[in-house]
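> Give me coordinates for this.
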Amino acid sequence: MVETVEVAALPLAPRNPLPRMQQMKALRAFHTGCEALRDAGGSVTRVTPTWMLPPFVVTTSPKGARDVLSRSCPFIDRSQPIYTEHRRLFGGSLFNFEHDAWLPRRRALQPAFTKQHVTQFGGHMAECADKLSHAWGDGAELDLDHECRRLTLRVLAQSMLGLDLDGRFDVLLAEPLRAAVTYMTDRAVRPVRAPWWLPTAARRRARAASATFNRLANDILQACRADPTRDAPLVRALIDVADPDTGRALSDEDICRELVVFLGAGYDTTATILTYALWALGRHPELQDRVAAEAAAVGDRPLTADDVPRLSYTVQVLNEALRLCPPAPVATRMVTKDFEVDGYRVEAGSWAIVGIYAMHRDPALWDSPLVFDPNRFSRANSKDRDRWQYLPFGGGPRSCIGDHFAILEATLGLATIIRHAEIHPLDDDDFPLAVPFTMVAGAPIRVRVRPRK
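Coordinates of the predicted model:
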């Protein structure tokens, strides 16, 4: 990359004026914390919480996001503790590799995740969502988050892996995933960490979770190799993957590691998108009726990937849900060379943080940013928007490879559920958010459902 400015001549990002304890609290709150730092120190601000941690430079501007996520590659990388802990638990993968190992893997996997290719992974969502919504009794009270997680897991298992996990939701995935994520996140934010060899209770649970995921992935892979007719599109795609430069296929170990990442990431992401969108539509009955009418206009038959172009308003609803509840509220990188972020110099050894959640809710970038308004994502209202102010799946070379799949699944799921059921929230509170790793519901989302007349 050719640098267009003399980086050494740029000023350092200004120090954030918040007291040190408030800075530490903000850094631990991955979503709202960046808002607090922005409000106190501006759209590019430097945080130096303790001598035991490196400096953090937080940006919430579109230009800063572009600089960190796109212009800086490869001298800003994923070498922070959270990725190190993920590699230790689950092995190297597209998610946690540093640049030199990541680049050939991304090139190899990218063709399997194009918008055209992922349609073959999405065949089960409408069917499963239809069964789920018809099973809800008239007037039933539900935890919407739990129901969407059940749905997403079943769809991922069937459409990607050819596996039926219905009825084994908590035991096979939810509990192990929660144990692993909690352990990795706690380790990543601690300035002092217990040695890796020390057998703490949290580490034993995390290692057991890793063993569960890897055993499941290996069983699936071997079953697919033994039975060429087994319907498991993602596994088949990974078996067929070859490095574009060397022609070398992925090893079984590599395939299992990628399966673990895709299953875990796709599960949390799609479930939370659906939960938030359904909850928001429940609070806005007129928007819910519009989604129902759009889905009904397709006809009285199961929805398919071919119907998505006719579900444009449903997609707008999902885009607005992703603005207010992005799966990754921040994007973090380790700086290995001095570089520019929105007119400031960021020194090597710093952590660069893009506050995606804060940027999505910034009143300087969005009109009435806390109002749920899918019309802001109409074609007319989107055409002049800076592409770097809306980053639900990250941006630049290391953006989420599964974004097309997540949107496809969420669109078919949302339209199918709303076509059959009316959602009525039982609580007046705002949507509770938590960030154990990705953004999830922080408490049960209680709703009452009724069949749509």
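
> Show the end-to-end separation of stretch 348-367, please.
One end of stretch 348-367 to the other measures 36 Å (C-alpha to C-alpha, to the nearest Å).

> How far off centre is that stretch?
16 Å (C-alpha atoms, centre = their mean, to the nearest Å).

> ranges for the helices of the stretch 251-400 of the chain?
Remark: helices assigned in the stretch 251-400 of the chain by DSSP state H, counting those that start in this stretch are 252-283, 285-296, 312-324, 356-360, 379-382.

> To F437, which of these lies closest?
Of all those, helix 252-283 sits nearest to F437, with 7.6 Å by C-beta to C-beta. To be clear about C-beta, it is placed using only N, CA and C from the backbone, and glycine gets the same treatment.

> Hey, what's the angle from that closest one to helix 285-296? Just curious.
Relative orientation of helix 252-283 versus helix 285-296 (axes from the mean of the first three to the mean of the last three C-alpha atoms, to 10 degrees): 120 degrees.

> Same question for the strand or helix carrying Q23: list its buried residues.
Using DSSP states H and E, Q23 maps to helix 20-28. For helix 20-28, the neighbour count (16 or more other C-beta atoms under 10 Å) marks Q22, Q23, M24, A26, L27 as buried.

> How about the secondary structure of F30?
coil (DSSP: H, G, I helix; E, B strand; the rest coil).

> Could you report the separation of it from P11?
For F30, the distance to P11 equals 27 Å [C-beta to C-beta, to the nearest Å].

> higher neighbour count, those two?
F30 (24 against 8; other C-beta atoms under 10 Å).

> for the stretch 1-150 of the chain, which spans come out with low pLDDT?
For the stretch 1-150 of the chain, the stretches with pLDDT under 70 are 1-5, 50, 72-74, 121-123.

> okay if I get the buried residues of helix 20-28 as JSON lines plus distance to K131?
JSON lines is the format used below for those (distance: C-beta to C-beta, whole Å):
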{"residue": "Q22", "distance to K131": "48"}
{"residue": "Q23", "distance to K131": "49"}
{"residue": "M24", "distance to K131": "47"}
{"residue": "A26", "distance to K131": "43"}
{"residue": "L27", "distance to K131": "43"}
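
> The residues you listed: which two are farthest apart?
Q22 and L27 (9.8 Å).

> Can you get me a residue count around the closest residue to S399 other than its chain neighbours?
Leaving aside its sequence neighbours, S399 sits nearest to F393 (C-beta to C-beta, 6 or more residues apart in numbering; 5.5 Å). F393 has 18 neighbouring residues, counting by other C-beta under 10 Å.

> how near is F393 to N16?
To N16, F393 is 28 Å away according to C-beta to C-beta.

> A13 and Q116: what is the separation?
For A13, the distance to Q116 - C-beta to C-beta - is 41 Å.

> who's more crowded, the two?
Neighbours per residue, other C-beta under 10 Å: of A13 and Q116, the larger number sits with A13, 28 against 9.

> on that earlier part again, by mean pLDDT, show me the worst of the helices of the stretch 251-400 of the chain.
Lowest mean pLDDT within these: helix 252-283, at a mean of 91.

> For that helix, which residues meet the burial criterion?
Applying 16+ other C-beta under 10 Å to helix 252-283 flags 254-282 as buried.

> D67 contacts Y344, doesn't it?
No - look at D67 against Y344 with C-beta atoms under 8 Å: they stay out of range, at 9.5 Å.

> who's more crowded, the two?
Set side by side, D67 and Y344 show more neighbours around D67, with 25 against 20, by other C-beta under 10 Å.

> Just give the closest residue to that one, not the sequence neighbours.
V341 (4.7 Å).

> Could you report the neighbour count for that neighbour?
28.

> quick one, what contacts it?
A13, V44, V57, T59, G64, D67, V68, A352 (C-beta atoms under 8 Å, 6 or more residues apart in numbering).

> Same check on A201?
Counted by C-beta under 8 Å, 6+ apart, A201 has zero contacts.

> phi, psi of the residue nearest to S399?
Dihedral pair for F393: phi -120, psi 30, per degrees, to the nearest 10.

> Drop anything exposed from the contacts of V341.
For the contacts of V341, a burial check counting by 16+ other C-beta under 10 Å picks out A13, V44, V57, T59, G64, D67, V68, A352.

> What is the nearest of those residues to T200?
Lowest distance from T200 to the buried ones among the contacts of V341 (C-beta to C-beta) belongs to A352, with 30.5 Å.

> so that closest one touches R71, yeah?
No - counting by C-beta under 8 Å, R71 is not a contact partner of A352; they are 11.5 Å apart.

> Against G395, how distant is L69?
4 Å.

> quick one: the strands in the stretch 1-150 of the chain?
Using DSSP state E, counting those that start in this stretch, the strands of the stretch 1-150 of the chain run over 44-47, 56-59, 76-77, 140-143.

> would you turn the ones you listed into JSON lines with distance to F213?
Shown next, in JSON lines, are the strands of the stretch 1-150 of the chain (distance: least, C-beta to C-beta, whole Å):
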{"stretch": "strand 44-47", "distance to F213": "34"}
{"stretch": "strand 56-59", "distance to F213": "31"}
{"stretch": "strand 76-77", "distance to F213": "25"}
{"stretch": "strand 140-143", "distance to F213": "24"}
